[in-house]
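J.: With the sequence up front, the predicted model follows.
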Protein chains: 2
Amino acid sequence: MSGVNEVRIGLLGLGTVGAGVVKILQTRRQMLEERAGARLSLAAIADADLTRPREGLDLGALPMVGDAARVLEDATIQIVVELIGGLEPARTFILRALAAGKHVVTANKALLAHHGAELYDEARRRGVSLGFEAAVAGGIPLIRAVKEGLVANRILSLAGIVNGTCNYILSKMTDEGLDFSLVLKEAQAHGYAEADPTLDIEGMDSAHKLQILVALAFRTFVDLKHIHTEGITRVTAHDIEYARELGYRIKLLAIAKATDHAGAGGVGVEARVHPTMIPAGSPLAAVAGVFNAVFLTGDAVGDLMFYGRGAGQLPTASAVWSDMLEIARRIGHGIPSLALELPSVGREPLPLTPMEAIRCCYYLRVMMQDRPGALSRVAGILGENDISIANVIQKGRGTREAVPVVMLTHEARERDMRTALAKIDRMRDVSTPTTMIRVEGGPA
Amino acid sequence: MSGVNEVRIGLLGLGTVGAGVVKILQTRRQMLEERAGARLSLAAIADADLTRPREGLDLGALPMVGDAARVLEDATIQIVVELIGGLEPARTFILRALAAGKHVVTANKALLAHHGAELYDEARRRGVSLGFEAAVAGGIPLIRAVKEGLVANRILSLAGIVNGTCNYILSKMTDEGLDFSLVLKEAQAHGYAEADPTLDIEGMDSAHKLQILVALAFRTFVDLKHIHTEGITRVTAHDIEYARELGYRIKLLAIAKATDHAGAGGVGVEARVHPTMIPAGSPLAAVAGVFNAVFLTGDAVGDLMFYGRGAGQLPTASAVWSDMLEIARRIGHGIPSLALELPSVGREPLPLTPMEAIRCCYYLRVMMQDRPGALSRVAGILGENDISIANVIQKGRGTREAVPVVMLTHEARERDMRTALAKIDRMRDVSTPTTMIRVEGGPA
C-alpha cells in the first residue's frame, strides 16, 4: 500500500486487551488497512513490564518501550490507545495526548465515569477524536448505535446487563440453585471473576458504564457518587427461587429513565444500579452467562436491544479497532473531528431524581413468626405508607421457626417503602431484616 | 439558528414512512437541527396523490408537488429521500438524483436487493452518500453496526428474523396452536400483514434484506435469484408442536455463512431463507411478534444480537433520519463522502455455495402407515444417503390411518437429503409428501 497515507499508533498498556489489539493487527493487517484506507503502523507500545510473556505475542518483534512519554512525546504518533485502566496515570496520559493534538481511543470506563466531562471537553477544545466504544458493553457496537443510529430519538429509558461477572454469577445461581459465595468462588476459578471482585459484585463497574451511557443517551452528566448503586452480594438462592415462582428472574440492571421534573425544561433523569426482578419472558431475562445486553426505548424507534460479549480480549479489541479505523479513515481523508460527537458539557445538567423519589414495584421477603395477625400488621404498615400488595406467598406455615412471607407490591415510592421497611423490621414477630428487591415491569 | 448552514431535503413519496419522516421533523425540529449542526428545510415533497389525507399531517402546510422532477431538478436540494418503494420509477429517480450530485437516503430494500450494485457504484462515482439504514430491520441501527462497529471483524455467519409479518404469524401459531391460514387472516385484520401478503409469507422480503446484509457483512454481491428462498406457508401447527416437544422453535430465518471453498481465496458464502428450527433457549427463539432480530458472529467480537422493530412508521423514519443527520452534518462541515462506506462492486464476487451443497441437521415428518418394517425402510433409505437419525418420535401408533413419524437427523448434505426424500415419498407406505424443516444448532 505504498503511496497511501500512513497512520501511526501508540499503545499505552500491553495487558489482555492491548495484546488483543496487537493480535488483530498481526492477523488481519491487510483487511484493516483496506478498510482504513491507510497503512497502519504500531509505532510504540509502552508498558512498565517489558519482560512478562504475553501469550501469542513475540515481544522481541514489537516496538516495546518502558516509558509512556516515548508514546506521548513522539510527534509522529497520531492515535494513542490507552489500555492501562484506572484513574491515574491514565487521566494524565490522555490529557497529555489530547493536548499534543493526538486522537485517543480508550476502553477505560472508570476513568470516563469519573472524569469524562473533563476529557470530552479537552478533546473538543483540541479538535481531536476521543473514541470509547470499548468502554461500555465490550464488543457490542452500542456507543455508535446510541450516538448515530438513534440520533433522531429522545431516549426514554435504558436498562442494561453490563457486568458479565455479575450476570454469570446470577445465571449460575438461577440454573443450579446455588448460593452466592459458592458461585463466586467457582467464577474466580474459571477466570470470570477477579481475585478481588469488589468493583464488579458491588455494582460499581455497572455504575461506571451507566454514567457513560447516561451522558450519551440523555446528554447530561450525572455525578457517579449520586448514582444509587447496590451489588449482588445479598441476593440469595431463596430469593431467586421465589422470583422464579412469581414468573421473574433476578438480574443486576443499570437503569436510567427520562423523568418528568418540576424544574426548568420539565425533564429530569433517574439513574440506578441494583438487583432487579424482571419478567421471565422479557428479552433481558434470556441474557445468560457472561453476556451483556442493553435494552433501550426511544420515542420514535420504540424498543431495541443490543446483545453480545461485554468483555474478553478479542471482543474488546474489536471495539478498540472500530474506533481506530474510523479515526484512521478521517486522517487519511483529511476529515476533521466533530465536536458534536462527544457528550456535551456546555449545557445545564438535567436534574437527577433522588433515589427516594423513584417509583417502582417491590419484592419483599419478610422473615417472621407465623403468629395470628402478624401478616395483617405487615400489610397494615404497608397500607399506611401508600403501598398496596399485589401478591403474597407464605411458606412453611405452622412451624415455630421464622418463616418467609414473600410479597409483590404495586408501584410505590421508594421513600414510602423505606419508611415501611424500617417499621416492619422493628416488629416483634420479624426476626431478621427484610429483603427488598425492586421490580421493573420489564422492558417487554 | 441563523448564520448556520441550511440543508435542503426533498422527499419522494408521502406514504406511511414519508409521513413519519415529516412528523419527526415537525415535532423534534430543534433537537434534529442541533444534532445536525445545520438548519433543516423540507424543500419539496413529491407524491402522485396530493389530496389523500395523511393522518396527523396538514397537507396544506407542506411543500407538496405532484411531479418527482420538481425534486430531482431543484438544484438547491441536497438530500433526496426515496420512499416510493418498488423497482421503477424508484431506480430511475435515485440514479437521476445521484447524477445531479445529490445525496440519497432510501428505505427501498427490494430496489437495493435487485440493483444495489448499480446504485452503490453510481453513488461512489458521483462522490455522494447513499444511506439505507432503514432498508433492513427498520429502526435497528444494524447497517451502521456492521459497516463501522464490526469493521475489524470477518463476519463468520449471520441469521436474522427480518420479516415482522412472518414472525408475528409463527409466534401466534406457536402460542395458540392455530393454523397458518387462520393466523394470516387475523394478521391482515390487525394490519400486520398486507392484503396481498405474498412478498412477506413467501420469504422474498427476507431474501431482499439478506442480499443487502450479505453485501455489507461479506462484502460480496449474491444474485437475488440464487438465494434459496422458502416461505412459511407450509409450516403447520403440528410441526410447530413437534418442534416444541423436541426443544425447538420454528422461525423464518435469513441465513448467511462464510464457507470454505475450493476456489481462489478459499472462501465462499452461502445464503438462504427458509423456516428453521432453532433451540428454544437460543436468543433468536425469544424474539416474538412483529419484532426483528439479527444474530451475527464475528471472528473477533464473537456472538452479537440486535433486536427491535423491523417496520412501522416511526421506527423506520428514525432510521431514515439517522442517515439524513449524518449526511447533513457532513454537508455542514464540508466533509466528503467516503467510497469505503458502500459495498464494493470492484472485486470478484465470492462464490455462492449451491443450496444442494449446504450441510445442516433436518427435521422430517413422514406420514406413513404403521406397518411392520416401514420405519426401518425409511431409516434404511436415509442411511444409504449418508444421513443418520438422532431422534425419532412416532405418534398415534396402531391406527389404520397414516401416522406421523417425526425425525431429527444429524448433520447431512442437502443433496443427499433431497435424494432420500424423493425415495421415501415413493414408498408404498408413505401417503403424503414428507415435511422437511432445516435445523440450525442455533446461534447459542
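T.: Happy to help now that I have it. None of the values given here were measured: they were computed from a predicted structure. Numbers count the residues shown, from 1 in each chain, chains lettered A, B, ... in the order given.

J.: Phi, psi for the residue of chain A positioned farthest from its centre please.
T.: Going by Cα atoms, centre = their mean, the residue of chain A most distant from its centre is residue A:372, 45.6 Å out. Residue A:372 has phi and psi values of phi -50, psi 130 when expressed as degrees, to the nearest 10.

J.: Repeat that for the one 3 residues further on.
T.: Note on residue A:375: backbone dihedrals following degrees, to the nearest 10 are phi -60, psi -40.

J.: what's the nearest residue to it once chain neighbours are set aside sitting at in phi/psi?
T.: What sits nearest to residue A:375 in space, not counting adjacent residues and going by Cβ to Cβ, 6 or more residues apart in numbering or on different chains, is residue A:405, at 6.1 Å. C-betas here are computed from N, CA, C, even on glycine. With angles defined as degrees, to the nearest 10, residue A:405 sits at phi -110, psi 120.

J.: same deal with residue A:374?
T.: According to degrees, to the nearest 10, residue A:374 has phi -60, psi -50.

J.: List the buried residues in stretch A:370-388.
T.: A:370, A:374-375, A:377-379, A:381-382, A:385, A:387 (16 or more other Cβ atoms under 10 Å in any protein chain shown).

J.: For the stretch 251-400 of chain A, which residues are neighbours of chain B?
T.: Within reach of chain B by Cβ under 8 Å from any Cβ of the partner chain, the stretch 251-400 of chain A has these residues: A:281, A:283, A:286-287, A:291, A:298-309, A:312, A:314-315, A:317-319, A:321-322, A:325-326, A:329, A:333, A:335-336, A:338, A:340.

J.: Now, those residues that are in helices?
T.: The helices, defined by DSSP state H, take in A:314-315, A:317-319, A:321-322, A:325-326, A:329, A:333 from those.

J.: now those in JSON lines, with neighbour count?
T.: Below are these laid out as JSON lines (neighbours: other Cβ atoms under 10 Å in any protein chain shown):
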{"residue": "A:314", "neighbour count": "25"}
{"residue": "A:315", "neighbour count": "26"}
{"residue": "A:317", "neighbour count": "30"}
{"residue": "A:318", "neighbour count": "32"}
{"residue": "A:319", "neighbour count": "34"}
{"residue": "A:321", "neighbour count": "31"}
{"residue": "A:322", "neighbour count": "29"}
{"residue": "A:325", "neighbour count": "23"}
{"residue": "A:326", "neighbour count": "23"}
{"residue": "A:329", "neighbour count": "21"}
{"residue": "A:333", "neighbour count": "16"}
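
J.: Residue of the stretch 251-400 of chain A closest to chain B, please.
T.: Nearest residue of the stretch 251-400 of chain A to chain B: residue A:321, at 3.3 Å (Cβ to the nearest Cβ).

J.: tell me the contacts of that residue?
T.: Neighbouring residues of residue A:321 by Cβ atoms under 8 Å, 6 or more residues apart in numbering or on different chains: A:21, A:24-25, A:32, B:151-152, B:300.

J.: Please apply the same query to residue A:243.
T.: Contact analysis of residue A:243 by Cβ under 8 Å, 6+ apart lists A:249-250, A:277, A:363, A:437.

J.: Out of those residues, the closest to residue B:201 would be?
T.: Closest approach between those and residue B:201, by Cβ to Cβ: residue A:249, at 34.1 Å.

J.: Now the helix or strand that contains residue A:112: buried residues?
T.: Assigned by DSSP states H and E, residue A:112 belongs to helix A:109-126. Judged by neighbour count using 16+ other Cβ under 10 Å, the buried positions of helix A:109-126 are A:109-117, A:119-124, A:126.

J.: Now do residue A:151 against residue B:133, distance only.
T.: Noted for residue A:151: a distance of 11 Å to residue B:133, by Cβ to Cβ, to the nearest Å.

J.: Who has more neighbours out of these two?
T.: Just comparing residue A:151 and residue B:133: by other Cβ atoms under 10 Å in any protein chain shown the higher neighbour count belongs to residue B:133, 29 against 23.

J.: Does that one touch residue B:141 like I think?
T.: Yes. Assessed by Cβ atoms under 8 Å, residue B:133 is found in contact with residue B:141 at 6.5 Å.

J.: Find residues that contact each of these two.
T.: Joint contacts of residue B:133 and residue B:141 (Cβ under 8 Å, 6+ apart) are A:149, B:319, B:322.
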